[in-house]
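Enquirer: I need the structure of the sequence given here:
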Amino acid sequence: MLSINPLSDFFNAIEKDARISITHIGIYAALLQYWQVNECVNPIRVYSYEVMKIAKISAHATYHKSVKDLNAFGYIRYEPSFKRNSPSKVYLLF
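Expert: Residues are numbered from 1 along each chain as shown. Purely as a prediction, here's the structure:
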C-alpha cells in the first residue's frame, strides 16, 4: 500500500491558501485515488466523469472550474483533450 504523503503534502500546502475550497480538496483527493488505482503513473489520463464519480461531484462546470483552478494555483498540471473520446492528462506535482 502506498503512503498517504502526497495527500498530507497537499494539506500542508493549502493550509494558508484561502482560494482552496472543499471542492478543490475533493477533486485532488479523487485524482490521488485515480493515480493510485492506475499504478501511480504520472501523468494520469483521466475522463472527467470518472473523477467526478470518485469526488462525488455532479456538475461538469464545477469540475472543470476546480481543475482549472488547481492548475492555475500550481497544485496540478492539467492538459485538457477537448475531445469526448480522448482522456485529458493530469500531472500531479509532488
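Enquirer: can you list contacts of stretch 17-30?
Expert: Stretch 17-30 is contacted from outside by 7, 10, 14, 51-52, 54-57, 62-63, 66-67, 69-70, 73, 75-76, using C-beta atoms under 8 Å, 6 or more residues apart in numbering. Bear in mind the C-beta positions are built from the backbone N, C-alpha and C, glycine included.
Enquirer: please enumerate the helices of the chain.
Expert: Ranges of helices in the chain, per DSSP state H, are 5-14, 22-37, 48-55, 60-72.
Enquirer: counting by contacts, list what the helix or strand of the chain with the lowest mean pLDDT packs against.
Expert: Counting by mean pLDDT, DSSP states H and E, the chain has its least confident helix or strand at helix 5-14, which shows a mean of 92. When contacts are defined as 3 or more C-beta pairs under 8 Å, 6 or more residues apart in numbering; DSSP states H and E, helix 5-14 packs onto helix 22-37.
Enquirer: with just CA atoms, put the helix it packs on into CSV.
Expert: What follows is helix 22-37, C-alpha atoms only, in CSV (Å, rounded to 0.1, in the frame of the first residue of the first chain):
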residue,chain,number,x,y,z
ILE,A,22,-13.8,21.7,-0.3
THR,A,23,-14.5,21.1,-3.9
HIS,A,24,-10.8,21.5,-4.8
ILE,A,25,-9.9,19.2,-2.0
GLY,A,26,-12.4,16.5,-3.1
ILE,A,27,-11.1,16.6,-6.7
TYR,A,28,-7.5,16.5,-5.6
ALA,A,29,-8.2,13.5,-3.4
ALA,A,30,-10.1,11.8,-6.2
LEU,A,31,-7.1,12.4,-8.5
LEU,A,32,-4.8,10.8,-6.0
GLN,A,33,-7.1,7.8,-5.7
TYR,A,34,-7.3,7.6,-9.5
TRP,A,35,-3.5,7.8,-9.7
GLN,A,36,-3.1,5.0,-7.1
VAL,A,37,-5.6,2.7,-8.8
